[in-house]
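1. just a sequence and a predicted model for now, questions to come.
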There are 2 protein chains.
Amino acid sequence: MDIVLPNFLEKRAHLSPTKIAIKTETSSLTFGQLFIRSKELAYKLASLRIRKGDYVSIYMENSLELVELIFALKNIGCITVLHNTRLTVDELAYQVEDARSKIIITDEEKSSLLQERWNNSFVYSFSAINNTMKYEEVPIQHEFNLSDTDTIMYTSGTTGFPKGVKQTYGNHYWSATASALNLGIREDDCWLIAVPLFHISGLSIIMRGVIYGMKVVLHTTKFDPVKVNRVIRSEKVTIISVVTTMLTKLVDELGDGSYPASFRCMLAGGGPVPLPMLERCYEKNIPVVQTYGMTETCSQIVTLSATDALSKIGSSGKALFPCQLKIVVDGVEQVPNSPGEIVVKGPNVTPGYLHRANFDDGWLYTGDIGYLDEEGFLYVLDRRSDLIISGGENIYPAEIEGVLQAHPDVVDAGVTGVENEKWGEVPNAFVVLKSGAKTTQEDIMNFLYDRLAKYKLPKRIMFVETLPRNATNKLQRRKLKDLLPQNEAN
Amino acid sequence: MDIVLPNFLEKRAHLSPTKIAIKTETSSLTFGQLFIRSKELAYKLASLRIRKGDYVSIYMENSLELVELIFALKNIGCITVLHNTRLTVDELAYQVEDARSKIIITDEEKSSLLQERWNNSFVYSFSAINNTMKYEEVPIQHEFNLSDTDTIMYTSGTTGFPKGVKQTYGNHYWSATASALNLGIREDDCWLIAVPLFHISGLSIIMRGVIYGMKVVLHTTKFDPVKVNRVIRSEKVTIISVVTTMLTKLVDELGDGSYPASFRCMLAGGGPVPLPMLERCYEKNIPVVQTYGMTETCSQIVTLSATDALSKIGSSGKALFPCQLKIVVDGVEQVPNSPGEIVVKGPNVTPGYLHRANFDDGWLYTGDIGYLDEEGFLYVLDRRSDLIISGGENIYPAEIEGVLQAHPDVVDAGVTGVENEKWGEVPNAFVVLKSGAKTTQEDIMNFLYDRLAKYKLPKRIMFVETLPRNATNKLQRRKLKDLLPQNEAN
């Protein structure tokens, strides 16, 4: 039988009506107020003929309004499709069409850009909806079926075509409680969001806030280590989610200072934290909990506790309590220290991709390569499909290659990540031109500029004679690094 | 799709192998050791032909061995039937037969009594199993399906015939996480069990211990307030589950003393805590969290936080995060302040009774009467079927009445609870004898003595001419109190 829970925010508003739910630089709402706001907003959305079961696209930066909107859509029973705001309009269009969204809701500043492409009955700015006098009392969903899809986020795979990851109400609930069984829940907990809500790392904090009854501090501007460190003190923040580049900036900015004793966890995702940084954190008494997760696992699935951080350098830890993990090669589970594909299972794992068949048996083949040590700690060796993680954003080489190959003068293209001090990694493109073509690197860059989100743009384009391909003509991306000038290869 | 989690204890042993899982007066085990013990024991049980899907009855007092056994049976995939050790052999026989148990496992001291009734291949002492050299390696269940029944506990309803309440793996997991969302989870948490493991109040602590990775202190002797108060200090206990009578004894024993700052919760079940006691606790800074729950809800379903304790005297609080609550009369949900039957729903609620049809729609009609105030706080007015709660044990009048009516000289019988300073309530029996019968109260007591657990024995038997029955001849138990001498009626 399907499991049914009360509407998360409605229930939380009932249990903790006067507790602060969310605080931004300029305002804050209690759980009671947030629910009332989300209900009013639901009625306004209903006046646009938004109904239960509709897909609604959101293309918005972090804001209190975005949080209200996310819960308003749950009140109606809509499926919320959260898009990366760094996407170009073309990239957005692909996802919106794939999701079969009924409307797009965006920030005021972005609305005119989108309205150039779509008409006024498809693109709405948040403020247009919020300022309307129209109001239609649709039934509020008092219960959530845990099997129902709540949110959608797009990721690209090996093919380069983005797919919508379904995150059910159950995925969110299980993810939140799995995290709680690892990190605990304290009455005074306060989680700071300095990552985008259109990424699962950000959205999952909002969900935990409501499920735990925990105050969340939301940063609505570009990541600023000075501001974050100040707010950690002033708001008595206990936990913050970071990627390695953010961690570095925060610790640099902290200088000789330290965090208050109430600060208890730096949850670090997006690749292992390097040893020197861990040692600095250890000296400064900053508890770093490393984690491995993805959109498909609705945030964390494997974590390394702060106590194990130094003895298990480079490890992502063990699978959370409700989760399982194995290493597989050709369908065979591997013994310790033998690398293979990382395969995970758990009630926080997506049932499948949007408008595609669901997974069969609950095991998700991540495409990432890793091994387990004798004690069962996971070491990730290589991210799926040569995934490039740049400043916390996932970049899929195949997607950039696809766009490069669409250029009339390009015969072949390959993309790989190269180390970068600031971003961790940045994409580097290798291009084979048609013989006799006069195209320059700048021409290619201009071509890409209109078609790819900025963070995906290669930092350099190198023209080469040929690309390393194996017997079956498959591009060997790892060998692309051999084409780099000697002093840059890593 | 069914939700599947890893074997709870195996997983916990993997995550926290060296952490103390359980500690008694004389010994302790880490999670790693407890899992190894439970695996060895599983293989010993397997040598008795115990297999996956078998029902196994346990008639044991609290002990480390009982905890090992509970997890050993999960390793095999058995359904564990936990019986109250205060039952008479006849009462036990009824339950064992109803459950279709394959064997009964009991303490050494009780085994000869049971072996008088059953043969040696049906009753085993724990030590006989533990000391065997036989060993059969059956498959260990590495996964638990949350829909599968894990444990069974018997309760009597309006009919007086005990029914087995199915508690699934999911019920236990959801109950544990629901409690965590209310009380929080701290790294240093330690929960003391001074209630029987054959009651859900005790078993649920063992389950939370494994799910949270939390140390549990298990008392294996009769409740002793001196010892409990000493252990709260020496073991840095943070939470203890009590019934009102225990709370009174603990606070009395504490005298002018106080609990250490680490002690954070007195979880009080089995009826509301009286105002004077709450005020004493408040003065002594003892946080009392009142709760309403039953075997069918796998422990707590409604709780009142310590902060609301004094402003909401007599209330049981609000339904836990994943749970719902309504007040119903003739199928109609009631407005605030109108009493009716308490109806609950949640993933911790039993799917139904053993070997009987499951409930339809997830709503459990508790039979208890109560109302909600304007803010949604529950006030319980009357326990189901005039349930008598005596020192934490549930006593069903109908069950005692059934036994009384089996006496050849008894024409009619009614049982009700009367207030008692020591036990909260005790049963009081009203008996109508055959005209001319010479039977004495003592004769009746002797008759009951062989047939009822001691705690169910009426404290007094009164012979009366007639019993209050309504038009449809239904016994009006509440009116029985009018038959008491004036100065005793309450």
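-> Sure thing, it's come through. Numbers count the residues shown, from 1 in each chain, chains lettered A, B, ... in the order given.

2. secondary structure element for A:A42?
-> Per DSSP states H and E: A:A42 is located in helix A:31-46.

3. tell me if that helix is near chain B.
-> No: applying CB under 8 Å from any CB of the partner chain, one finds helix A:31-46 out of contact with chain B, separated by at least 11.3 Å. Every residue, glycine included, has its C-beta placed from N, CA and C.

4. what is that helix packed up against?
-> The helices and strands touching helix A:31-46, judged by 3 or more CB pairs under 8 Å, 6 or more residues apart in numbering or on different chains; DSSP states H and E, are helix A:8-15, strand A:20-23, helix A:64-76, helix A:126-130.

5. how about those, which one is nearest chain B?
-> Nearest to chain B among those is helix A:8-15 (5.8 Å), distances taken as CB to the nearest CB.

6. give the contact list for the residue nearest the centre of chain A.
-> In chain A, the C-alpha nearest the mean C-alpha coordinate belongs to A:H199, at 2.8 Å (CA atoms, centre = their mean). Listed by CB atoms under 8 Å, 6 or more residues apart in numbering or on different chains, the contact partners of A:H199 are A:N84, A:M153, A:T295, A:G392.

7. out of those residues, which one sits closest to chain B?
-> Using CB to the nearest CB, A:T295 comes nearest to chain B of the contacts of A:H199, at 19.9 Å.

8. contact partners for the closest one?
-> A:M153, A:T155, A:V165, A:Q167, A:H199, A:I200, A:T350.

9. my read: the second one touches A:I395, true?
-> Pointing back at A:T155 there. No: using CB atoms under 8 Å, A:T155 is not in contact with A:I395; the gap is 10.9 Å.

10. which one of these two has more residues nearby?
-> Set A:T155 next to A:I395 and count neighbours by other CB atoms under 10 Å in any protein chain shown: A:I395 wins out with 24 against 17.

11. list phi and psi for that one.
-> Here is the backbone geometry of A:I395 (degrees, to the nearest 10): phi -120, psi 130.

12. how many other residues sit next to the closest residue to it other than its chain neighbours?
-> Leaving aside its chain neighbours, A:I395 sits nearest to A:I388 (4.1 Å; criterion: CB to CB, 6 or more residues apart in numbering or on different chains). For A:I388, the neighbour count with other CB under 10 Å is 25.

13. do A:G53 as well
-> 11.

14. for A:N120, same thing?
-> 9.

15. hmm, back to that, check the offset of the helix holding A:A42 from the chain's centre.
-> Mean-position distance between helix A:31-46 and its chain equals 26 Å (CA atoms, centre = their mean, to the nearest Å).

16. now the angle from it to helix A:64-76?
-> Interaxial angle, helix A:31-46 versus helix A:64-76 (axes from the mean of the first three to the mean of the last three CA atoms, to 10 degrees): 70 degrees.

17. report the buried residues of helix A:31-46.
-> A:31-35, A:37-39, A:41-46 (16 or more other CB atoms under 10 Å in any protein chain shown).

18. same check on stretch A:348-360?
-> Within stretch A:348-360, the residues scored as buried using 16+ other CB under 10 Å are A:N348, A:V349, A:T350, A:P351, A:G352, A:Y353, A:L354, A:F359.

19. next: stretch A:398-409.
-> If you call a residue buried by 16+ other CB under 10 Å, then stretch A:398-409 has these buried ones: A:A398, A:E399, A:I400, A:E401, A:G402, A:V403, A:L404, A:H407.

20. make sure the fifth one is indeed in a helix.
-> Pointing back at A:G402 there. Yes: under DSSP: H, G, I helix; E, B strand; the rest coil, A:G402 sits within a helix.

21. that one and chain B, how far apart?
-> A:G402 sits 34 Å away from chain B, taking CB to the nearest CB, to the nearest Å as the criterion.

22. again with the first one
-> A:A398 sits at a distance of 30 Å from chain B (criterion: CB to the nearest CB).

23. pretty sure that residue contacts A:T155?
-> No: using CB under 8 Å, A:A398 is not in contact with A:T155, being 12.0 Å away.

24. let's see the helix holding A:A42 as PDB, backbone CA atoms only.
-> Output in PDB follows, covering the C-alpha atoms of helix A:31-46 (Å, rounded to 0.1, in the frame of the first residue of the first chain):
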ATOM      1  CA  PHE A  31       6.400  28.200   9.400                       C
ATOM      2  CA  GLY A  32       2.800  29.400  10.000                       C
ATOM      3  CA  GLN A  33       3.400  32.500   7.800                       C
ATOM      4  CA  LEU A  34       5.100  30.500   5.100                       C
ATOM      5  CA  PHE A  35       2.200  28.100   4.900                       C
ATOM      6  CA  ILE A  36      -0.300  31.000   4.700                       C
ATOM      7  CA  ARG A  37       1.800  32.600   1.900                       C
ATOM      8  CA  SER A  38       2.100  29.300   0.000                       C
ATOM      9  CA  LYS A  39      -1.700  28.900   0.200                       C
ATOM     10  CA  GLU A  40      -2.500  32.400  -1.100                       C
ATOM     11  CA  LEU A  41       0.000  31.900  -3.900                       C
ATOM     12  CA  ALA A  42      -1.600  28.500  -4.700                       C
ATOM     13  CA  TYR A  43      -5.000  30.300  -5.200                       C
ATOM     14  CA  LYS A  44      -3.300  32.900  -7.400                       C
ATOM     15  CA  LEU A  45      -1.700  30.200  -9.500                       C
ATOM     16  CA  ALA A  46      -5.000  28.400  -9.800                       C
END
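
25. what angle separates it from helix A:8-15?
-> If you take the same axes, to 10 degrees, helix A:31-46 sits at 140 degrees to helix A:8-15.

26. report the distance from whatever helix or strand comes next after helix A:31-46 to the chain centre.
-> Going down the chain from helix A:31-46, the next helix or strand is strand A:55-59, by DSSP H and E. Centroid separation for strand A:55-59 versus its chain: 16 Å, with CA atoms, centre = their mean.

27. name the strands paired with strand A:55-59 and say parallel or antiparallel.
-> Strand A:55-59 pairs in its sheet with strand A:79-82 (parallel), strand A:103-106 (parallel), by DSSP bridges.

28. buried ones in the first one?
-> In other words, strand A:79-82. A:I79, A:T80, A:V81, A:L82.

29. burial of the residue lying closest to A:P6 once chain neighbours are set aside, as a residue count?
-> Of all residues not flanking A:P6 in the chain, B:Q324 sits nearest, at 5.4 Å (CB to CB, 6+ apart). Residues near B:Q324, counting by other CB under 10 Å, number 20.

30. my read: B:Q324 touches B:G346, true?
-> Yes: taking contacts as CB under 8 Å, B:Q324 lies within contact range of B:G346: 6.4 Å.

31. coming back round to it: the contacts of A:H199: which two are farthest apart?
-> Spatial extent of those (CB to CB) is set by the pair A:M153 and A:G392 at 14.1 Å.

32. check the gap between the residue nearest to A:I395 and B:G392 for me.
-> A:I388 is 61 Å from B:G392, where distance means CB to CB, to the nearest Å.
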